[in-house]
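*Asks:* what follows is a predicted structure for the sequence shown.
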Amino acid sequence: MTQIYPIGGGKGGVGKSFITANLGALLAKWGKKVVLIDLDLGGSNLHTLLGINHQKGGINRFLDKTVKNLGDTAVSTFIQNLSFIGSSLCSMEVANLLHAHKLKIINAIQKLSFDYILLDLGTGTNFNTLDFFLTSNQGIFICTPEPTAIENSFRFIKAVYLRKLKQIVKRQFFNSAVKKAIIPQNHEAMTSPDVIEIMLKHDPDREKFLRNSLSEFKFKFILNQFRKNLDVTMGDKIEDLCNRHFYSNFQFLGTVGYDVRIHDSVLSKKIFTHRYPYTPPAMDMKKIAEKIINNRPWDH
Ligand SMILES: Nc1ncnc2c1ncn2[C@@H]1O[C@H](COP(=O)(O)OP(=O)(O)OP(=O)(O)O)[C@@H](O)[C@H]1O
Ligand SMILES: [Mg+2]
């Protein structure tokens, strides 16, 4: 069964692309069929991390109908079982994707046949990023252990959550007071737990349905660039806080240590876990990849 993991986060440069490339490489080395898709439209650079210099074009060929299936744009990487679909040749306008194009990409991703599909997302909370993050119900967000990054992560989670609530309310019959409360709001004006309280108050009959829909979400997160002197319980504390605050499930996958050699591997366009397999960050990512392999969402 195909598993899709969108990888996002509220802040730039936290390591989304780095972790996507390395988790993908580790899963592929364990014999899984993996594809990495660069969905940072307008800011794509995953190909560089993978050491791919010459591209024939990925998502752009699918959108301009040069190829019928998105899968036909996948290219192999130097790691066996690891494929890549790029977006660096997309025109600048594609960064502001048409709604229809976005749905076309999401539908096509859901039809790809791989064991694992990892989506490298752009930074921030624009609708494209949020909708790509909602391609599956087990998105991973990457955060660094700094107050600014944590703050942006909470903003990102709230924005994802609000977007999801809107999707649920639009698709299902809800009391008009609920629709009025949620649909015209902008993301910053209202926090998602507030919205849920409003929904529950105005439409108590739908409470169970809403709770069930939100509990299907199993968000995951990783603390990257973790330094030795930091509180090792930080991830568990964030997990606990999110699980108390939101109506979905949050799982802390682990920390990935800070290492200056990561910068070197990026410069030399080599996948870090491939080049330095026995370093602490590589071991950290192996543990996380193991958790992903052992994650069986269909058992929940
Ligand atoms: N664990 C780490 N230790 C040291 N440096 C790291 C680590 N993780 C990432 N980096 C550095 O941070 C840089 C940014 O990483 P990356 O490009 O993956 O971030 P990103 O979140 O994808 O950024 P963007 O928002 O621009 O897409 C990398 O080039 C790498 O040098
Ligand atoms: Mg990136």
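*Replies:* Thanks, I have it. Ligands and ions are numbered 1, 2, ... in the order given.
*Asks:* now do the helices in the stretch 201-300 of the chain.
*Replies:* 207-215, 234-245, 260-267, 272-275, 280-294 (DSSP state H, counting those that start in this stretch).
*Asks:* so which of those gets nearest ligand 2?
*Replies:* Shortest distance between ligand 2 and those, using Cβ to the ion, is found for helix 260-267: 11.0 Å. (Glycine included, C-beta is placed from N, CA and C.)
*Asks:* ok, and what's touching the closest one?
*Replies:* 18, 49, 271, 272, 275, 276, 279, 281 (Cβ atoms under 8 Å, 6 or more residues apart in numbering).
*Asks:* could I get those residues as a markdown table with neighbour count, distance to residue 25 and pLDDT?
*Replies:* Shown next, in a markdown table, are the contacts of helix 260-267 (neighbours: other Cβ atoms under 10 Å; distance: Cβ to Cβ, whole Å; pLDDT from 0 to 100):
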| residue | neighbour count | distance to residue 25 | pLDDT |
| --- | --- | --- | --- |
| 18 | 24 | 11 | 97 |
| 49 | 22 | 10 | 93 |
| 271 | 24 | 5 | 95 |
| 272 | 26 | 9 | 96 |
| 275 | 14 | 10 | 93 |
| 276 | 17 | 12 | 95 |
| 279 | 17 | 14 | 97 |
| 281 | 24 | 13 | 98 |
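*Asks:* between which two of the residues you listed is the distance greatest?
*Replies:* Distances among those were taken as Cβ to Cβ; the most separated pair is 49 and 279, at 16.8 Å.
*Asks:* what residues does the protein put near ligand 2?
*Replies:* Counting by Cβ under 5 Å from the ion, the chain comes close to ligand 2 at 16, 17.
*Asks:* for the chain, give me the ranges with low pLDDT.
*Replies:* 54, 89-96, 172-195, 298-300 (pLDDT under 70).
*Asks:* now it against ligand 2: closest residue?
*Replies:* Closest residue of the chain to ligand 2, Cβ to the ion: residue 17 (3.3 Å).
*Asks:* what is the burial count for that residue?
*Replies:* Number of residues near residue 17 (other Cβ atoms under 10 Å) recorded here: 26.
*Asks:* kindly report the same for residue 37.
*Replies:* Residues near residue 37, counting by other Cβ under 10 Å, number 32.
*Asks:* try residue 124
*Replies:* 18.
*Asks:* ramachandran angles for the closest residue to residue 124 other than its chain neighbours?
*Replies:* Spatially, and ignoring its direct neighbours in sequence, residue 124 is nearest to residue 10 (7.1 Å; Cβ to Cβ, 6 or more residues apart in numbering). Per-residue torsions, residue 10: phi -80, psi -20 (degrees, to the nearest 10).
*Asks:* for residue 138, same thing?
*Replies:* Dihedral angles (degrees, to the nearest 10) for residue 138: phi -140, psi 50.
*Asks:* contacts only, for it.
*Replies:* 3, 4, 5, 217, 218, 219, 220, 295, 297.
*Asks:* isn't the last one right next to residue 2, touching?
*Replies:* Which is residue 297. No: contact criterion Cβ atoms under 8 Å: residue 297 and residue 2 do not qualify, at 10.8 Å.
*Asks:* what strand or helix carries the residue in the stretch 51-200 of the chain that ligand 1 sits nearest to?
*Replies:* Nearest to ligand 1, among the residues of the stretch 51-200 of the chain, is residue 123, at 3.9 Å (Cβ to the nearest ligand atom). In this assignment (DSSP states H and E), residue 123 forms part of neither any helix nor any strand.
*Asks:* can you count the residues close to residue 112?
*Replies:* Residue 112 is flanked by 17 other residues according to other Cβ under 10 Å.
*Asks:* what's the answer for the one 5 residues further on, then?
*Replies:* By the criterion of other Cβ under 10 Å, residue 117 has 24 neighbours.
*Asks:* secondary structure class for it?
*Replies:* The three-state label given to residue 117 by DSSP: H, G, I helix; E, B strand; the rest coil is strand.
*Asks:* quick one: it from residue 129, how far?
*Replies:* According to Cβ to Cβ, to the nearest Å, residue 117 and residue 129 sit 17 Å apart.
*Asks:* residue 31 now?
*Replies:* 31 Å.
*Asks:* got it, and residue 76?
*Replies:* From residue 76 to residue 129 the distance is 27 Å (Cβ to Cβ).
*Asks:* who has more neighbours out of those two?
*Replies:* residue 129 (24 against 11).
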